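Engineer: Please find the sequence and the predicted model below.
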Amino acid sequence: MDAEGSLRRPGRYLFPAMISRLARKGAGREPGFYTYGEVLFNRLRAEATRKRKAYPRLLATLRGEWASYKAARMAAGFAPSEQNPLPAADFIAANDQHLFMTWFTCMFRFDPRRLSFEELPGRGESDYNGLLRYAFNDAEAGALADAVRMPGATVHELEKAIPQLLFQIFSVLANALEGILEQPYTATYEAPVVQIGKDGVVGQISFKLRQN
């Protein structure tokens, strides 16, 4: 997947504004940064789809790349079926840096200069393992701290809210990939690490995108 131009650093207020949207009052709900059930997932999915140009452009690019990948595998003798779908882990790995960077920076306003991904060992035919690390600046960490302490919300410490935010963004990506890869995909995570110190807040999770 070719990069569609360089990833630009988002404005300093875009991430805090996004957090404010995620935490604002919804129909029949108190305001607050809810990290349980489907509340955060649904709000993040709405956040992604509100990018009226970037979201459909990324999906269209992925569909084209997947069609080319699928055609090449079938030409090499692979015959996909409902019981034996085309494994997608190699496809994700071939596009991982651009896919994840575009997803997090264009859909969710993370700063690419403070965001990193790497693939972890153990890739299967349908499972991709990775590690995400992000250094939140003071404005971003402050917006999250304010959101999780809003009146009416269940109080969540940053140590709990940050891994859930990162994981649910991957869950929304897995949901979007289902329609492209023609097979159900889910996201899981483990080993969350949140470091809060005088130099800022750093969040890290190990994640897996896997075929159901």
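Structural biologist: The structure has been received and is ready for your questions. Bear in mind that the values here come from a model prediction, so they are computed numbers and not experimental data.

Engineer: And Ser83, its phi and psi?
Structural biologist: Check again: residue 83 is Gln, not Ser. The phi and psi values for Gln83, taken as degrees, to the nearest 10, are phi -80, psi -20.

Engineer: What is the neighbour count of it?
Structural biologist: 5 (other CB atoms under 10 Å). Quick note: C-beta positions are derived from backbone N, CA and C, even for glycine.

Engineer: Can you give me the distance of it to Lys160?
Structural biologist: Distance, Gln83 to Lys160, by CB to CB, to the nearest Å: 40 Å.

Engineer: starting at the chain centroid, how far to the helix or strand harbouring Ala46?
Structural biologist: Using DSSP states H and E, Ala46 maps to helix 39-49. Helix 39-49 sits 11 Å away from the centroid of its parent chain (CA atoms, centre = their mean, to the nearest Å).

Engineer: Please apply the same query to stretch 173-184.
Structural biologist: Distance, centroid of stretch 173-184 to centroid of chain: 13 Å (CA atoms, centre = their mean).

Engineer: By residue count, which helix of this structure is the longest?
Structural biologist: Looking across the chain with DSSP state H, the single longest helix is helix 158-181.

Engineer: just to revisit the earlier point, quick one: contacts of the following helix or strand past the helix holding Ala46?
Structural biologist: Sequence-wise, the next helix or strand downstream of helix 39-49 (DSSP H and E) is helix 54-75. Applying CB atoms under 8 Å, 6 or more residues apart in numbering, the external contacts of helix 54-75 come out as 1, 4, 48-49, 80, 86, 88, 91, 94-95, 99, 102-103, 106-107, 176-177, 179-181.

Engineer: can you state the direction angle for the longest helix of the chain and helix 39-49?
Structural biologist: Orientation note: helix 158-181 sits at an angle of 50 degrees relative to helix 39-49 (axes from the mean of the first three to the mean of the last three CA atoms, to 10 degrees).

Engineer: Point out where this protein drops to low pLDDT.
Structural biologist: 1-13, 25-37, 150-157 (pLDDT under 70).

Engineer: I'd like to know which elements the helix or strand hosting Gly142 is packed against.
Structural biologist: Using DSSP H and E, the element containing Gly142 is helix 138-148. Helices and strands touching helix 138-148, by 3 or more CB pairs under 8 Å, 6 or more residues apart in numbering; DSSP states H and E, are helix 14-23, helix 158-181, strand 200-211.
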